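Novice: Test case, fold it:
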Amino acid sequence: MGQLMACATAEGVLVASDSKALLFEPYGDEQVISINRVVPVTSHAVLASAGNWEAQDICTDFADFAKTEGLTEMDALIEAAIPFFTSRYDEILRKMCEKMPPDPIVNMYLLLAGYSAKAPGQGGHLFVIWDRPKPPKIEYNRVTEVFTLPRRMGLEFTLNDMVKKKAPLAQLAATAKAGMEKLAQSDDTIGPPYHYVAVTAQGIKAL
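Specialist: Now for the predicted structure:
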């Protein structure tokens, strides 16, 4: 699954992720691999992936699509993302059905995060995108302030409290880092390297 964390504030957004993923070979074999879950889409937006490793390739493809289409604003990106990922999701299912038993499970989870100066008082934007297996469908939901995947309610509560107190992104990143390292000690599906990225009016920056 991997671990994603994200916070949206007036300053911008924080996205944190691990890099550990499982590559499932045909008929049940699996291999541990390392992937970069956070992919720049524009100068002020990123896509982060969890779930199956194929999501990383989808994120890169969408970044290329957004560049070709000249998409820059968050509203335009999310409007284009749903039909784009629906098409790619169908392709993945067809390919998986050629190698695996019927009704394969994809478990695709994506996070579109970015900064937009057009929203008064709230520069940071988060959209969670996921697949619903039956019937197959891509859906999304807007996140107001804090999101973790898999859900970590204690950490979400802490980060949410910090956001409400207007903590800077650097401070949120320090809390996310401590939380990520603590989770990795008890959850062997989470592994380094860890990535902490801020998107603000100045663009994308590693923290």
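
Novice: Which stretches in this structure count as strands?
Specialist: Secondary structure of the chain (DSSP state E): strands located at 4-8, 12-17, 20-24, 30-34, 38-42, 45-51, 108-115, 124-132, 137-143, 146-149, 195-200, 203-206.

Novice: State the paired neighbours of the first one in the sheet, together with their directions.
Specialist: When pairs are called by DSSP bridges, strand 4-8 turns out to pair with strand 12-17 (antiparallel), strand 146-149 (antiparallel).

Novice: quick one: residue 39 and residue 55 touch, right?
Specialist: No: taking contacts as Cβ atoms under 8 Å, residue 39 lies outside contact range of residue 55: 9.6 Å. The C-beta positions use only the backbone N, C-alpha and C, and glycine is treated the same way.

Novice: Give me the more crowded residue out of the two.
Specialist: residue 55 (28 against 20; other Cβ atoms under 10 Å).

Novice: And that one, how far from residue 177?
Specialist: 23 Å (Cβ to Cβ, to the nearest Å).

Novice: cool, and residue 184?
Specialist: According to Cβ to Cβ, residue 184 stands 11 Å off from residue 177.

Novice: Just confirm residue 22 contacts residue 30, I think it does.
Specialist: Yes: the pair residue 22 / residue 30 is scored as a contact, 5.1 Å apart, by Cβ under 8 Å.

Novice: Compare neighbour counts for these two and give me the winner.
Specialist: More neighbours surround residue 22 than the other of residue 22 and residue 30, with 13 against 9 (other Cβ under 10 Å).
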